[in-house]
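# generate coordinates for the sequence data below:
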Amino acid sequence: MTETHRPRFHLAFPVHDLELARRFYAGLLGCDEGREAAGQWIDFNFYGHQLVAHLAPGECGGAIANEVDGQKVPVRHFGLLMEWVEWEGLARRLGDGGADFLIEPHVRFEGQAGEQGTFFIIDPSGNALEFKTFRNEAQIFAR
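Coordinates of the predicted model:
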């Protein structure tokens, strides 16, 4: 991979209600909508990455969590690494928009390798999303 090109990811995930997913991803998060098959799935542009919400109610719910720096973090989650200013702005916008934070915005591993800002939200189908930032991107994979 070159420094100037970062591949985009594609993630398909289950939801129990497509209209609630649309309100969350397009409405609250501000993702543009792409293609859809009525009653089956909807594509969302998640900061240039392709998310596909598939109607699959039986696949939703029941998150297992592990302890990370004193917090219960859902094992199954996805999200973004953002610039610090963007991350702060999104956290503020989501809070002002009434988002329920599973884990409030805070700095994790403060003063250690891998210090990061992070927060978690849950979509209406129980899918966990993490948004994080590093003051120093060289620390993303620091041990």
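# going along the chain, name the helices of the protein.
18-22, 84-96 (DSSP state H).
# helices and strands around the longest one, which ones?
By that I understand helix 84-96. Helices and strands in packing contact with helix 84-96 are listed as strand 101-108, strand 116-122, strand 128-133; criterion 3 or more Cβ pairs under 8 Å, 6 or more residues apart in numbering; DSSP states H and E. Just so you know, the C-beta spots here come from the backbone N, C-alpha and C atoms, and that holds for glycine as well.
# adding mean neighbour count, mean pLDDT and distance to residue 36, write the helices of the chain out as TSV.
As requested, the helices of the chain are exported to TSV (neighbours: other Cβ atoms under 10 Å; pLDDT from 0 to 100; distance: least, Cβ to Cβ, whole Å):
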stretch	mean neighbour count	mean pLDDT	distance to residue 36
helix 18-22	17	97	8
helix 84-96	15	95	24
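# including distance to residue 78, could the ones you listed go into JSON lines?
Shown next, in JSON lines, are the helices of the chain (distance: least, Cβ to Cβ, whole Å):
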{"stretch": "helix 18-22", "distance to residue 78": "14"}
{"stretch": "helix 84-96", "distance to residue 78": "15"}
